[in-house]
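>>> Give the three-dimensional model of this entry:
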Amino acid sequence: MQRRLPLVWFIISQKPEYLSIIKVKFRILSSKNGGCLVRLGLFPLNIVLFPESIYPLHIFEPRYKKLINHCLKEQEEFGIVLNNNGKMSEIGCSAKVFDLIKRYPDGKMDIAVMGTSRFNVKHIIDGEKPYLEAEIEDITDVKIDINEKLLSELIDIYNDIVKHLGTIELNPIKKGEMTDKNPSFIIAQKAGLTLQQRQILLSTLNENTRLEMLREHLIQLRPMVYKHEMIEQIIKNDGYLKN
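Alright, predicted model coming up:
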């Protein structure tokens, strides 16, 4: 009797390009339902990557060239965690190579990565590969309805600041165009947050709490932007204020 393949392997045999999608889905489902830990290559950096954000990276260290080449070949993700003065954060964000911009003759690369999902580092694995690995567990937000009034207020404050930035050009946000389920991570990318504030935001598991944190931050930031705009205007007019 011919042995029938499980459905998932039948799909892969017919459509090999689906393998990476199934691997990612399996990683998420197994972590949520079974609480199992998944091994992931780690790339500690002095940045905080948010889900759905895109970030450019220049890959030059041999160990990370190996990591990125492995992820490109196997269509796998890797983990980015904040490394601040030698201290590595426990909460990070999985990333996939969104675009291989340029590959240099010596193996260096310019890439763009996209954040996918957040994770909690449970155990660091050092020495098995040239780069660090970790056993990680996916983390997700508590299920709540977004406070639309809070979101609208936050967007209004953000757009008001953008209008007064002077020489710095940022596009205003249109609420109707925000289709992401976590708008806080979109706004946070251009909110002038410190690394510590970004890490706290990444680690917070409530969308409304993140929106409130951003609102309070921008309320404090707005007077400084106004002051900077006035100083720029004074310099532009050789010290004289316009009537």
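>>> so what does the longest strand seen in the chain touch, helix or strand wise?
What stands out as the longest strand in the chain, according to DSSP state E, is strand 109-125. Counting contacts by 3 or more CB pairs under 8 Å, 6 or more residues apart in numbering; DSSP states H and E, strand 109-125 is packed against strand 38-45, strand 54-59, helix 62-74, strand 78-84, strand 91-103, strand 133-138. In this view, the C-beta of every residue, glycine as well, is placed from N, C-alpha and C.
>>> what comes up buried for the second one?
Right, the one you point to is strand 54-59. 55, 57, 59 (16 or more other CB atoms under 10 Å).
>>> Please name the strands paired to that strand in the sheet, noting orientation.
strand 109-125 (antiparallel) (DSSP bridges).
>>> most centrally placed residue in the chain?
The residue lying closest to the centre of the chain (CA atoms, centre = their mean) is residue 50, at 2.0 Å.
>>> Against residue 133, how distant is that residue?
22 Å (CB to CB, to the nearest Å).
>>> and what of residue 189?
28 Å.
>>> Of those two, which one has the most company?
residue 133 (19 against 15; other CB atoms under 10 Å).
>>> check contacts around the residue lying closest to residue 62 once chain neighbours are set aside.
Residue nearest to residue 62 in three dimensions, not counting chain neighbours: residue 130, with 7.0 Å by CB to CB, 6 or more residues apart in numbering. Residues counted as contacts of residue 130 (CB atoms under 8 Å, 6 or more residues apart in numbering) are 62-63, 66-67.
>>> Of all pairs in those residues, which one spans the longest distance?
Greatest spatial distance among the contacts of residue 130 (CB to CB): 62 and 67, at 9.9 Å.
>>> more crowded one of these two?
Using other CB under 10 Å as the criterion, residue 62 and residue 67 rank with residue 67 on top: 22 against 12.
>>> you'd agree the more buried one is up against residue 40?
No. Counting by CB atoms under 8 Å, residue 40 is not a contact partner of residue 67; they are 10.4 Å apart.
>>> Run through the neighbouring helices and strands of whichever strand or helix holds residue 218.
Using DSSP states H and E, residue 218 sits within helix 207-236. Helix 207-236 makes packing contacts with helix 148-163, helix 183-188, helix 195-203 when contacts are defined by 3+ CB pairs under 8 Å, 6+ apart.
>>> Please tabulate the ones you listed in JSON lines and include distance to residue 114, mean pLDDT and mean neighbour count as additional columns.
Output for those, formatted as JSON lines (distance: least, CB to CB, whole Å; pLDDT from 0 to 100; neighbours: other CB atoms under 10 Å):
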{"stretch": "helix 148-163", "distance to residue 114": "22", "mean pLDDT": "93", "mean neighbour count": "16"}
{"stretch": "helix 183-188", "distance to residue 114": "12", "mean pLDDT": "94", "mean neighbour count": "22"}
{"stretch": "helix 195-203", "distance to residue 114": "15", "mean pLDDT": "96", "mean neighbour count": "17"}
